[in-house]
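Colleague: the sequence isn't on hand, but the structure is:
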C-alpha cells in the first residue's frame, strides 16, 4: 500500500518550508496568523478549518492542522533555541510598540492647561500696554 502524501507548508514571506505546527517561520521570523487551503487558496483562521476548508471542503486532519497526533500520545515538548526565543521576543516587542494607546497621561493634560494660561496671560499683558 502506498504511503499517503503529506501536505507541505511554506512561508509566504521567504518561501522556505516550515513544519505543519509552526507558529512562525524559523528563517525570516514571520508569524502565521491564518491558514490557507492548498486546494482552493481560501484564507481563514484555524477555527474556520476545524472540519476542512469551508470553501471547497478539502479535508485536513487534526494532526496537520495543529501539529498534534490524534491519539494524544505525542506529549514530547520541544525546546526552542535561544536564537528562536530572541526572534519571538523581538517580534512581540515590535508588535506591542506599534499598538497605540488611547490613554493620555494626566501630567500632559495639566502641562497643556498651564501652557495655555501662560500664553493667554502674556497676550493679555501685551494688549493692555
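Modeller: In hand now; what should we look at? What you see is a predicted model; the values in this text were computed from it and never measured.
Colleague: report pLDDT for residue 117.
Modeller: For residue 117, the pLDDT comes out at 97.
Colleague: and it, how far from residue 107?
Modeller: Per C-beta to C-beta, to the nearest Å, residue 117 is found 16 Å from residue 107. Every C-beta, even on glycine, is put in place using the N, C-alpha and C of the backbone.
Colleague: helices of this protein, start to end?
Modeller: 62-66, 82-97, 106-128 (DSSP state H).
Colleague: with mean neighbour count added, can I get these in a markdown table?
Modeller: Formatted as a markdown table, those follow (neighbours: other C-beta atoms under 10 Å):
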| stretch | mean neighbour count |
| --- | --- |
| helix 62-66 | 15 |
| helix 82-97 | 11 |
| helix 106-128 | 9 |
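Colleague: comparing these by mean pLDDT, which bottoms out?
Modeller: Among these, helix 62-66 scores lowest, with a mean of 59.
Colleague: of all the helices of the chain, which lies closest to residue 22?
Modeller: helix 82-97 (10.6 Å; C-beta to C-beta).
Colleague: hmm, back to that, format the helices of the chain as JSON lines; extra columns: distance to residue 43.
Modeller: As requested, the helices of the chain are arranged in JSON lines below (distance: least, C-beta to C-beta, whole Å):
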{"stretch": "helix 62-66", "distance to residue 43": "14"}
{"stretch": "helix 82-97", "distance to residue 43": "20"}
{"stretch": "helix 106-128", "distance to residue 43": "41"}
